[in-house]
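J.: Sequence and predicted structure, then a few things I'm wondering about:
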Amino acid sequence: MSTDVTTPNIQLGDYIVIQRQKYTKLQKFGSLDATSTLGKETLELKSLLDQPYGSTFKMCVKETKSGKRGAQRHHTLELCSDTELRSTREVLGISSSGADNRDICDNGEAQALKSSDIEQLREACNESSKIIEKLVENSKTFHTRTEYSQEKYLLKKEKKYFEFVQIRQPTIRLMVDIFYRQDAEKIMGIRVDTLSQIISYSGVCGFGNYLLYESGTNGLLPAAMMNSIGADTEGTLVHMHPGNVPQKQALLALKLPLEQQQRCVSVNLYSVLREFYQGETTSVSPAEPSAVEAEETLPETPTEEQPEAVEPSTKKPKLDEAPPRGNNKGPLRWQLENKRATTLMHEKFDSLVVAAKEHPSSILQALLPLVRPSRPIVVFSTCKELLQETFMELKTSGKVTALHLTSNWLRTYQILPNRTHPEVNMSGNSGYLLTGFTLK
Amino acid sequence: MSTDVTTPNIQLGDYIVIQRQKYTKLQKFGSLDATSTLGKETLELKSLLDQPYGSTFKMCVKETKSGKRGAQRHHTLELCSDTELRSTREVLGISSSGADNRDICDNGEAQALKSSDIEQLREACNESSKIIEKLVENSKTFHTRTEYSQEKYLLKKEKKYFEFVQIRQPTIRLMVDIFYRQDAEKIMGIRVDTLSQIISYSGVCGFGNYLLYESGTNGLLPAAMMNSIGADTEGTLVHMHPGNVPQKQALLALKLPLEQQQRCVSVNLYSVLREFYQGETTSVSPAEPSAVEAEETLPETPTEEQPEAVEPSTKKPKLDEAPPRGNNKGPLRWQLENKRATTLMHEKFDSLVVAAKEHPSSILQALLPLVRPSRPIVVFSTCKELLQETFMELKTSGKVTALHLTSNWLRTYQILPNRTHPEVNMSGNSGYLLTGFTLK
Amino acid sequence: MSFLKPKTHIEQGDIVILYLSVNSMHAIEAVPTIVNKKGETIQHVFQTNYGSLKVESIIGVEYGSRVELSKGWANVLQPTPELWTQTLPHRTQIIYTPDISMILHQLEVRPGAVVIESGTGSGSLSHYILRALKPTGHLHTFDFHEARADQARDEFKRHGFATYVSVYHRDVCNLGFSTELDGAADAVFLDLPAPDLAVPHAFKALKLSGGRFCSFSPCIEQSQRCIQELTKLGFNEICSMEVLQQESVIKTRSLPVIDLEFLKLPKTNESSTPNAEETKTPKELKKYLTSSNPQTLPGHTGFLTFATLPPNIPKA
Amino acid sequence: MSFLKPKTHIEQGDIVILYLSVNSMHAIEAVPTIVNKKGETIQHVFQTNYGSLKVESIIGVEYGSRVELSKGWANVLQPTPELWTQTLPHRTQIIYTPDISMILHQLEVRPGAVVIESGTGSGSLSHYILRALKPTGHLHTFDFHEARADQARDEFKRHGFATYVSVYHRDVCNLGFSTELDGAADAVFLDLPAPDLAVPHAFKALKLSGGRFCSFSPCIEQSQRCIQELTKLGFNEICSMEVLQQESVIKTRSLPVIDLEFLKLPKTNESSTPNAEETKTPKELKKYLTSSNPQTLPGHTGFLTFATLPPNIPKA
């Protein structure tokens, strides 16, 4: 089977998505020494270099340390073929299952293997299917369980002992899942359905100039909008943020071509608004708003943006290479960006997206005049009460029409023969969207 | 087939539920001349007398008048046997259906019969199955439609021409469906799921004294609570309302035995609270609160309750027969009820249910002291904002614990072979419940 | 015996709900001593996150009172089926109040009703049915698991329900509800892996004057087969639904409001204008009473299928 | 041509959204004359509930402006796929923005993507896909109904999308997507009565480097069969979901607050106390900014099933 030419290979400096069964993680492959931790397992990433994205690797135990909460294992990764990947169920070939579970008594003694036995087994044979086979063999109740119950048992064990990881290229789809699952607060609670609708309602696409204010989504919102603006198109994004440094992780992870990266102009909200209202202010440093905004940690040299300061070992092309002169000589990067942004602000925008932790009302008052008539606006908040007030203000102002305040109900389904039902748990918060169209 | 002895027969004075396919209606069978209107059809109810509940009657056209919006038909009802009730589909024996609808062009000419033809047909043959048979015969596209599409067509036609009605005995289940469908506002928007939970959370059952304040549900809430209190039990309900006359339609429709009816003590909120705080006030008429509460229409003689005034032809036992002396002589009915209620108020209650159009806060302040410790309280409102405030007040007061503010999501399903899905429309408003337990 | 009717004071032998917080409550038996694993009779001391409670001390106390724990306090509440459902020992997956309320409503359970339930499970639903039908009705409840049936029988007795309930250990799918119950029930409730197998038995058990039927199933295929069987036997008013309760989290939130108007003023004016104070703190906090959903909601409990057996359907 | 990119003024031939209210808007073509049923060329006058509009008068007007109608006024908006979906002529049931947004997100449609869609239907989804993939991608859209395919082709052309879309009249369940498209697509979307029949064709059409798949089905059985087929062919990340958007109705409500404290005062005091005024009006109105659900919500649109075709799956 030949590898498709269009599949890119894993490079140093890339952000990668590591997937172990349903668990996914965004990881920076910053150097050959880089490791990644999945629960108690530490993976050496070295062997990923130059392998195609989408490949599956086998976790091979290199070392086991006993930690506070059980054994910590160190693994190397070995590229493996697709044929190695068979479902555990197939391997075990389980067929006989009880009709129901009426004869099962849960006395905690169903498993004959002790936990020390299992730990030993784990070191001896690295293959999850073998470990599970042993567990099943030594289970007194497995064969009297219902098929449903067997499946549940196997899935649980497989999750614990599964020894393969897949390396995937980050996309908006994969990242919103990872961020939302790991810590929804870090992306302001923007759920996948809500993100998808922000993209729709804002109308962001390959043509036009777009304005975004967000108070911190790990770069997810600017990344999603740049993704929709696309490579080799005419679209531009002005990305306003309240901190000294824009959060850009998701944007960097997309590894966009340079020309596309440069069409994302990230500026501090206060700084760029002052420049817009008062003309060029090269003598004013963006440190001013920092007195106001304490959420971002201030880098050592507050007069220059350092988006890579958090992970200094990255080797990807520096965004700062664009400015013609070196640091601390000519205009600083943020000054150039402010200038580009104010030019676009004077031309006005084709859409406005606001995803604020703050009350959106005053932000809209400042940014709505920068939007052309007959253009969509989208305001996100986790707090419905704030959007209710904003809804009433906009309605009264007459500047925006077709106002809608919406939220979503998203439910996933288990669809299996004879076992189809909605998933038992669902996420409760989609957040809220206020949408409308500007008027002349 | 013998009629079961336990099935009661339809009596004059009864409220009855008339069902035509999925349409249901609550109707008073007040006299032998009574008629009931279902859309354009008027039914003479005479022949229902003494027939068992659950019987099906055939609508037989007696007269057709041409009204403004098409023909108005007058029907007599004829008791019919179960064998007359066969599904239209079976009758027509439709089998051949197209695989999909790719060849159907909707040009409005699929039906060869003109509407005047159909009207004639309708007068000529009374049976819906015959009418539909003719319609199908004259349809140019019916046999090329998909089975799904055929079914939809048949259901639509059957709904229009169906000639049978079933007469059922009113129950809480049937009435909440009728009221909510006809005009949810008349029962304050209390949806079936919410009603069922009010009953659960209030703990109302055959033992104990219960307190209810409701500002108008056509008697549904007191009826549901009395239904749960049951016949031949010890339970009692004090039912407070803001008007001169309690709304009792649903309660009367249940046709409870007299001993059970008498355990529902309906009193005016203002009047009974004044009496409770200030002792007997026989000289004060309940007209006082009527100045405040304009929602109820005032009967001609405002000093006496006239629950049957709306339909004076009723022949069921008058509730007023209980007072020992005649009208305008001894204590008036409302005075006796106030007295019974204040006695129970001094003993305190085992539960409190408030379903108010007003802000529940001041009502709770007045009624909470009448509830024993460790007893459930349930507050219903259509306005979440009011319950949020009340939630915070109660929480701060420390008088109520285990506070929960809930609402419901209710969705019905179409379950048919290969066509299973949730219904396309769902009701958006369950209303909101605030529940908790009183503390000492 | 604290389930039968409302009562004011804790008596020995009562089940009492020790309420610590919304997420922490326990059902305890108000007895001064218990027998430990070694067979010794010892003082009944109950451990909580807020310290221990000498259970003897709550006997005679008024329900709704505050009781002291060694490191805090709790409230003692009289159990209701709602509180019991949140504290009962799980022997199986249980059904919760929102579904149960709909089941009781749709089955039209009220004092005097004769109800059949299968399976008994942990008795969560049984407690609600018993509250609703007592003191004049009767519950016949079936479980195919013998230990569970025994446990439930014992529990109902201790809770004061002995005269209102019969507990059977029986495989109703294969054996039915026994001929004694033919034509005896006003309502039948099924929570079984294969409800369709028990539908013909439900049909037999319902009164000739008709009755109501309910099946609770996690999977849609169970409902589909159940409905096929119901249709075949002449049930009508067949209706399937889902009920999901959503809790609202109420809190007062302090939310930032930023001022951007000051940016329109030239910066040099800043220190000289009377607004200087204001421009230095363009972010203020405003309080809002807010309501939001919890992070995770119940997405599915089960499909409820209801049906009516019309009167006078021949059962031969 | 008003769909291609943001523009400021109405040009002749543009589709324009005439926005009257949340529940009333119309898509009209900005042409001064139309041909009536008799074949005569007449002035283009559009009738609304607020009177008529001489369409010629809006040509050259700035989008977002207010235009006068004979009995009121409206706003003219540049069409977006969202507005179009609310105003388009229905030739079939259509998919709406919440589902469509999820479809585009899950199919990872962005400029440059090659997407296959079947069926074209009323073109509601097609407009969104085209916005997302232009100017460097391409949409191949299939419908088995010839008239619909022709109408859609004509519409896309008039909307300025001609170069980005190919419309096919073809029964894809039986005939597939044509061999020219083998291995050509980044994503395949199916909205068919029997999606499982088209899954093998989707498999063939997706790139060897892998791609994404979506099927939209009203009934669960369609999703079940589709998933069986996907599993058989080696698709993974199979996931089914429902997305339901809920609109909030925002309004200021005046709600009654009643005073019951005055009842504790002896009645005889009433006229002499300074509170007399207050006791006579114990009911006052308080204003609340409230949010509620509309009476009817969408309860179901369809089940969305997504899947990934992993890279390098052999297709022979």
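T.: Everything's here; your move. Numbers count the residues shown, from 1 in each chain, chains lettered A, B, ... in the order given.

J.: Helices along the chain, start to end?
T.: Picked chain A for this. Assigned by DSSP state H, chain A shows helices spanning A:88-92, A:115-124, A:128-137, A:147-161, A:172-183, A:192-202, A:220-229, A:249-253, A:258-261, A:269-278, A:287-292, A:333-347, A:360-367, A:384-397.

J.: Chain C is the one I meant
T.: Counting by DSSP H, the helices of chain C are C:81-87, C:97-106, C:124-133, C:146-158, C:172-175, C:195-205, C:220-232, C:276-280.

J.: nearest to chain A, of the ones you listed?
T.: Evaluated over those, closeness to chain A peaks at helix C:220-232, with 4.7 Å, by C-beta to the nearest C-beta. Where you see a C-beta, it was placed from the backbone N, CA and C, and this is true even at glycine.

J.: buried set for that closest one?
T.: Across helix C:220-232, burial judged by 16 or more other C-beta atoms under 10 Å in any protein chain shown covers C:220-227, C:229-230.

J.: Can you add pLDDT and give the residues you listed back as JSON lines?
T.: What follows is the buried residues of helix C:220-232, written out as JSON lines (pLDDT from 0 to 100):
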{"residue": "C:220", "pLDDT": "97"}
{"residue": "C:221", "pLDDT": "96"}
{"residue": "C:222", "pLDDT": "97"}
{"residue": "C:223", "pLDDT": "97"}
{"residue": "C:224", "pLDDT": "97"}
{"residue": "C:225", "pLDDT": "97"}
{"residue": "C:226", "pLDDT": "98"}
{"residue": "C:227", "pLDDT": "97"}
{"residue": "C:229", "pLDDT": "97"}
{"residue": "C:230", "pLDDT": "97"}
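
J.: could I get these as a markdown table with distance to chain D?
T.: Shown next, in a markdown table, are those (distance: C-beta to the nearest C-beta, whole Å):
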| residue | distance to chain D |
| --- | --- |
| C:220 | 6 |
| C:221 | 9 |
| C:222 | 13 |
| C:223 | 11 |
| C:224 | 9 |
| C:225 | 13 |
| C:226 | 16 |
| C:227 | 14 |
| C:229 | 18 |
| C:230 | 19 |
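
J.: Of the residues you listed, which are in range of chain B?
T.: Filtering the buried residues of helix C:220-232 for proximity to chain B by C-beta under 8 Å from any C-beta of the partner chain leaves C:220, C:223-224, C:227.

J.: quick one: which of these is nearest residue C:257?
T.: Distance to residue C:257 across these (C-beta to C-beta) is lowest for residue C:220, with 47.9 Å.

J.: distance between the ends of stretch A:360-373?
T.: Start and end residues of stretch A:360-373 are separated by 20 Å (C-alpha to C-alpha, to the nearest Å).

J.: mind listing what the closest residue to residue A:383 other than its chain neighbours touches?
T.: In space, and not counting its chain neighbours, residue A:383 is closest to residue C:290: 5.9 Å by C-beta to C-beta, 6 or more residues apart in numbering or on different chains. By C-beta atoms under 8 Å, 6 or more residues apart in numbering or on different chains, residue C:290 lies in contact with A:383-385, C:250-253.

J.: same thing but at 7 Å, please
T.: Listed by C-beta atoms under 7 Å, 6 or more residues apart in numbering or on different chains, the contact partners of residue C:290 are A:383, A:385, C:251, C:253.

J.: Next up, the contacts around the second one.
T.: Residues in contact with residue A:385 (C-beta under 7 Å, 6+ apart) are C:288, C:290.

J.: tell me which helix or strand of the chain sits lowest on mean pLDDT?
T.: Picking chain A for this. Confidence across the helices and strands of chain A bottoms out at helix A:287-292, with a mean of 40, counting by mean pLDDT, DSSP states H and E.

J.: Actually, chain C is the one I wanted.
T.: Between all helices and strands in chain C, the lowest mean by mean pLDDT, DSSP H and E belongs to helix C:276-280, at a mean of 37.

J.: can you list the ones next to chain B among the buried residues of helix C:220-232 in TSV and add distance to residue D:74?
T.: Shown next, in TSV, are these (distance: C-beta to C-beta, whole Å):
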residue	distance to residue D:74
C:220	46
C:223	48
C:224	49
C:227	49
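
J.: give the contact list for whichever residue of the stretch 101-250 of chain C sits closest to chain B.
T.: Using C-beta to the nearest C-beta, the single residue of the stretch 101-250 of chain C nearest to chain B is residue C:111, 2.7 Å away. If you count contacts by C-beta under 7 Å, 6+ apart, residue C:111 has them with B:206, B:230-231, B:233, C:133-137.

J.: repeat for residue C:182
T.: Residues near residue C:182 by C-beta under 7 Å, 6+ apart: C:204-205.

J.: Next, give phi and psi for it.
T.: phi -60, psi 130 (degrees, to the nearest 10).

J.: pLDDT wise, what is it at?
T.: pLDDT recorded at residue C:182 is 97.

J.: From residue A:150, how far out is it?
T.: Remark: distance between residue C:182 and residue A:150 (C-beta to C-beta, to the nearest Å) = 38 Å.

J.: Quickly list what residue A:405 is bridged to.
T.: Beta-bridge partners of residue A:405, counted by DSSP bridges, are residue A:434, residue D:248.

J.: quick one: contacts for it?
T.: By C-beta under 7 Å, 6+ apart, the contact set of residue A:405 is A:387-388, A:391, A:432, A:434, D:248, D:250.

J.: Can you tell me how far it is from chain C?
T.: 14 Å (C-beta to the nearest C-beta, to the nearest Å).

J.: Check residue A:131 too.
T.: As judged by C-beta to the nearest C-beta, residue A:131 and chain C stand 29 Å apart.

J.: wait, that residue sits on residue A:121?
T.: Yes: the pair residue A:131 / residue A:121 is scored as a contact, 5.7 Å apart, by C-beta atoms under 7 Å.

J.: more crowded one of those two?
T.: Legend: neighbour count by other C-beta atoms under 10 Å in any protein chain shown for residue A:131 and residue A:121, higher for residue A:131 (23 against 16).

J.: Got the confidence number for the more buried one?
T.: Among the per-residue scores, residue A:131 holds a pLDDT of 73.

J.: How about residue A:41?
T.: On pLDDT, residue A:41 comes in at 89.

J.: ok now do it, which residues does it touch?
T.: Residue A:41 makes contacts with A:59, A:73, A:75, as judged by C-beta under 7 Å, 6+ apart.

J.: ok, now residue A:47?
T.: A:76-79.

J.: ranking those by neighbours, who comes first?
T.: Busiest of the contacts of residue A:47 [other C-beta under 10 Å] is residue A:77, holding 23 neighbours.

J.: Not including adjacent chain positions, what is the nearest residue to that one?
T.: That would be residue A:57: by C-beta to C-beta, 6+ apart, it lies 3.9 Å from residue A:77.

J.: Around the one you found, how many other residues sit close by?
T.: Using other C-beta under 10 Å: residue A:57 sits among 22 other residues.

J.: Buried among the contacts of residue A:405? Need that as a selection in ChimeraX.
T.: Entered in ChimeraX, the line below selects the buried ones among the contacts of residue A:405, by 16+ other C-beta under 10 Å:
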select /A:387,388,391,432,434 /D:248,250
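
J.: can you tell me which two in the contacts of residue A:405 are farthest apart?
T.: Farthest pair in the contacts of residue A:405, by C-beta to C-beta: A:432 and D:250, 11.0 Å.

J.: Tell me who's in contact with residue 226.
T.: By default, I'm working from chain A. Here residue A:226 is in contact with A:237, A:251, A:256, A:260, A:264 (C-beta under 7 Å, 6+ apart).

J.: Chain C is the one I meant
T.: Contacts for residue C:226 were tallied using C-beta under 7 Å, 6+ apart; they are C:195-196, C:199, C:215, C:217, C:305.

J.: what residue lies at the spatial centre of chain A?
T.: Central residue of chain A (C-alpha atoms, centre = their mean): residue A:175, 2.7 Å from the mean position.
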